[in-house]
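*Asks:* how would this look folded up:
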Amino acid sequence: MFKRIAQVPDFEIEVLVALPGDAEDPPPLYMTVAYRPARELDALTTEGGLPGFARGVVRGWRGHEAPFSPEEFEEFLSQYPSASRAIWEAYTAAIGKAKRKN
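*Replies:* Residues are numbered from 1 along each chain as shown. The predicted structure is shown next:
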């Protein structure tokens with residue numbers, strides 16, 4: 001039986017942000033994100049594009065040299081323009097995965 005989602009706890013995603021001028025694979029940055037229903041995701045992206053989406057779902061990180069804060073996250077988004085898309089891709093991949101029984 002398909003069940004309705006009551007409340008999904010925050011979850012962690014692995015984000016790979018391309019570093020400018022670096023041909024190496026980027027190091028992973030682990031972000032804690034909040035689950036949002038489709039209508040909220042639509043509103044976030046409509047109002048603020050992918051950066052607005054990122055601001056609306058990211059709650060923390062690990063693997064970054066600075067502790068997470070709203071100001072530090074804004075600086076991060078400013079320094080790495082591709083980060084918002086990388087967060088979107090990791091987020092949508094994570095919510096699209098479903099556990100399956102063997």
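*Asks:* for the rest of this, base every contact and every neighbour count on C-alpha atoms.
*Replies:* Will do.
*Asks:* pretty sure Met31 belongs to a helix, no?
*Replies:* No: membership of Met31 in a helix is not supported by DSSP: H, G, I helix; E, B strand; the rest coil, which gives strand.
*Asks:* could you pull up the residues touching it?
*Replies:* Shown here is Met31, whose contacts under the criterion CA atoms under 8 Å, 6 or more residues apart in numbering are 12-15, 58-62.
*Asks:* next step: those residues restricted to strands.
*Replies:* Counting by DSSP state E, the contacts of Met31 place 12-15, 58-62 in strands.
*Asks:* any of those buried? List them.
*Replies:* For the ones in strands among the contacts of Met31, a neighbour count by 16 or more other CA atoms under 10 Å gives the buried set as 12-15, 58-61.
*Asks:* buried residues, stretch 88-100. List them.
*Replies:* Across stretch 88-100, burial judged by 16+ other CA under 10 Å covers 88, 90-91.
*Asks:* ok, now stretch 25-45?
*Replies:* Within stretch 25-45, the residues that qualify as buried by neighbour count (16+ other CA under 10 Å) are 30-36, 41, 44.
*Asks:* okay if I get those residues as JSON lines plus pLDDT and distance to Phe73?
*Replies:* JSON lines is the format used below for these (pLDDT from 0 to 100; distance: CA to CA, whole Å):
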{"residue": "Tyr30", "pLDDT": "97", "distance to Phe73": "13"}
{"residue": "Met31", "pLDDT": "97", "distance to Phe73": "11"}
{"residue": "Thr32", "pLDDT": "97", "distance to Phe73": "12"}
{"residue": "Val33", "pLDDT": "97", "distance to Phe73": "13"}
{"residue": "Ala34", "pLDDT": "95", "distance to Phe73": "15"}
{"residue": "Tyr35", "pLDDT": "92", "distance to Phe73": "18"}
{"residue": "Arg36", "pLDDT": "89", "distance to Phe73": "19"}
{"residue": "Leu41", "pLDDT": "87", "distance to Phe73": "19"}
{"residue": "Leu44", "pLDDT": "89", "distance to Phe73": "17"}
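*Asks:* now, among these, which is nearest to Pro81?
*Replies:* Using CA to CA, Met31 comes nearest to Pro81 of the buried residues of stretch 25-45, at 16.7 Å.
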